[in-house]
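Q: Build me a model from this:
(one chain, ligands or ions: 3)
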Amino acid sequence: MEQQQQQVVGILGGGQLGRMMVEAANRLNLKVLVLDKTGTPAFDLCANADGHVVGDFRNPDSVETLASRCSVLTVEIEHVNADALESAAKKHGVEVRPSAQVVRVIQDKYVQKCHLEKLGVPVAQYVDLTAGSEERDIVAAGFGFPVMLKCKTLAYDGRGNRVVKTERDIANSIASLGGGPSKQGPALYLEKMVPFVKEVAVMVARGANGSVASYPCVETIQKDNICHVVIAPARIDGKIQNRAREIAEQAVKGLGGVGIFGVEMFLMPNEDLLLNEIAPRPHNSGHYATEACHTSQFEQHLRCVLGLPLGSAEMKVPAAGMINILGAADMQETMAPCGRSMTVPGATVHLYGKKETRAGRKMGHITVVAETLSTLLKRMDAILGGTSLSSP
Ligand code: ATP
Ligand code: MG
Ligand code: MG
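A: Residues are numbered from 1 along each chain as shown. Ligands and ions are numbered 1, 2, ... in the order given. Next up, the predicted model:
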């Protein structure tokens, strides 16, 4: 531990995930430096670290400045400049965890799918689309309608996705993502629409020595493509939960990832699981772990990155949940669930310090723990005010 306390972890990105990594680092007296613009959530918190790098995590010079001040680099967002990360790390002799190559594979969702398929991980049917002739390729794919059109890169919160309802909507859907005949737009690919019964996720931690700890399989409920509610463990058969963990571990091991990874999956009506995508960092579906598991995902990530032994990923309470505080019409409406949670036992509020709210913006989250699932759902319903989770 003493040895790790002398190391400096450089984090590309200062969003809420970076902020919560800083929180975990502060408690353990581990030194971290953040690279991002000022005013981002992690910058407010950097009590134990001078020398943050104000800059852009996609800019090679900024990444190099960070690398020159650290012993190990990591990311809190996948949309970084993987080439800059690789060359800066090489030049300054620092480790990158997860590696730039792992980030490179994951940040292009099409490349990620190809990689997962090669590993034998089950995924939805997908096909590449050629720039300029996407329309023809979509028809030729024969996936039927509706069908899911996705940007390969820079995707988050479903913003790079369009559901193409009928053949007549193809051109409009491509254009609304900025693609089309000009060949200048973002590269796109196509996925077959998956008629899932639930979405589930597993956080997988993999240490520098290859040791693996996976967290329980959780259920995720999205609102307008954004994760809104998480229930842990998922309300599904234990055998399916174990299979989800196995698939998630297989995917992360196969990638050679080091650090914590969020693995999103679809549960099909026939109980098959299909992997949707992987995040090479802490993930919304792992926030519940801070109060509900022996080791939070943020501490676990730092342990992986610094070569410390992994902590237990098991739950220390029978049931837990998480509600995202998503931007609503104004700050008052956005924060209403926090107000309601104040009198709910087992609820813990985490706010990210964002000064402005926008529709769907992640402003914070609330974790809830309980002795039974039914108590958990009642507590979560009280915080949600009006939505009922009590029936699956
Ligand atoms: P994130 O914020 O999780 O990174 P993203 O922008 O990368 O999101 P995806 O995870 O690809 O987007 O998709 C967002 C949501 O859209 C999924 O959680 C799921 O609800 C739905 N979705 C994605 N792909 C499919 C599919 N092939 N069939 C059905 N629904 C899908
Ligand atoms: Mg994504
Ligand atoms: Mg996703």
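Q: switch to C-alpha atoms for all contacts and neighbour counts from now on
A: Fine.
Q: which helix is the longest one in the protein?
A: helix 238-255 (DSSP state H).
Q: who touches that helix?
A: 102, 116, 119, 121, 201-204, 206, 210, 212, 214-217, 234, 261, 263, 265, 271, 273, 275 (CA atoms under 8 Å, 6 or more residues apart in numbering).
Q: next one: that helix to chain centre, how far?
A: Offset of helix 238-255 from its chain centre (CA atoms, centre = their mean, to the nearest Å): 17 Å.
Q: quick one: average pLDDT of it?
A: For helix 238-255, mean pLDDT is 98.
Q: before we move on, what about stretch 195-213?
A: Averaging pLDDT along stretch 195-213 gives 98.
Q: again with stretch 259-266
A: Mean pLDDT, stretch 259-266: 98.
Q: Drop anything exposed from the contacts of helix 238-255.
A: Taking 16 or more other CA atoms under 10 Å as the criterion, what is buried in the contacts of helix 238-255 is 102, 116, 121, 201-204, 206, 212, 214-217, 234, 261, 263, 265, 273, 275.
Q: Out of these, list just those in strands.
A: The strands, defined by DSSP state E, take in A201, V202, M203, V204, R206, V212, S214, F261, V263, M265, L273, L275 from the buried ones among the contacts of helix 238-255.
Q: Go through those and say which is closest to ligand 1.
A: Proximity of these to ligand 1 (CA to the nearest ligand atom) peaks at M265, which lies at 8.4 Å.
Q: so who does that closest one touch?
A: With contact taken as CA under 8 Å, 6+ apart, M265 is in contact with E199, V200, A201, A244, L273, L274, L275, N276, E277.
Q: Enumerate every residue touching the residue nearest to it when sequence neighbours are not counted.
A: Of all residues not flanking M265 in the chain, L275 sits nearest, at 4.3 Å (CA to CA, 6 or more residues apart in numbering). Neighbour list for L275: V121, P122, V123, A124, I247, A248, V263, E264, M265, F266 [criterion: CA under 8 Å, 6+ apart].
Q: Which of the residues you listed sits closest to V72?
A: Nearest to V72, judged by CA to CA, of the contacts of L275 is V263 at 23.8 Å.
Q: hang on, isn't the closest one packed against A205?
A: No: V263 is beyond contact range of A205, at 10.7 Å (criterion: CA atoms under 8 Å).
Q: before we move on, the earlier item: buried set for the longest helix of the chain?
A: I240, Q241, A244, R245, I247, A248, E249, Q250, A251, V252, K253, L255.
Q: Is it possible to get CSV of these that adds distance to ligand 1?
A: Putting the buried residues of helix 238-255 into CSV (distance: CA to the nearest ligand atom, whole Å) gives the following:
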residue, distance to ligand 1
I240, 19
Q241, 18
A244, 16
R245, 18
I247, 17
A248, 15
E249, 18
Q250, 19
A251, 16
V252, 17
K253, 20
L255, 18
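Q: From the residues you listed, pick the one nearest A370.
A: So of those, ranked by how close each gets to A370 (CA to CA), first place is Q241, at 20.0 Å.
Q: all helices for this structure, in order.
A: For the chain, the helices defined by DSSP H cover 2-5, 16-27, 60-68, 82-92, 100-107, 109-118, 134-141, 170-176, 238-255, 289-292, 297-306, 331-341, 373-384.
Q: For those helices, which has the smallest mean pLDDT value?
A: When I compare the helices of the chain, helix 2-5 is least confident, with a mean of 81.
Q: Pull the distance from it to the chain's centre.
A: For helix 2-5, the distance to the chain centre is 28 Å (CA atoms, centre = their mean).
Q: Please apply the same query to stretch 196-214.
A: That offset, for stretch 196-214, works out to 12 Å (CA atoms, centre = their mean).
Q: hmm, that stretch touching ligand 1?
A: No: against ligand 1, stretch 196-214 shows no contacts by CA under 6 Å from any ligand atom, the least distance being 6.9 Å.
Q: okay, how far is it across that stretch, tip to tip?
A: Taking CA to CA, to the nearest Å, the first and last residues of stretch 196-214 lie 23 Å apart.
Q: With stretch 261-280 instead?
A: Length of stretch 261-280, first residue to last, CA to CA: 5 Å.
Q: ok, now stretch 251-265?
A: One end of stretch 251-265 to the other measures 12 Å (CA to CA).
Q: Equivalent analysis for stretch 284-300, please.
A: Here the two ends of stretch 284-300 are set 15 Å apart, with distance taken as CA to CA.
Q: Kindly report the same for stretch 213-222.
A: 26 Å.
Q: Other residues contacting it?
A: If you take CA under 8 Å, 6+ apart as the criterion, stretch 213-222 is touched by 198-206, 227-235, 241-242, 244-245, 249, 285, 310-315.
Q: just stretch 30-40 next, same as before
A: 4-15, 18, 22, 25, 42-43, 48-57, 62-63, 66, 70, 354.
Q: and the residue nearest to L373 when sequence neighbours are not counted, what does it touch?
A: Nearest residue to L373, sequence neighbours excluded (CA to CA, 6+ apart): A319, at 5.5 Å. Counting by CA under 8 Å, 6+ apart, A319 touches I231, A232, P233, A292, V369, A370, E371, T372, L373, L376.
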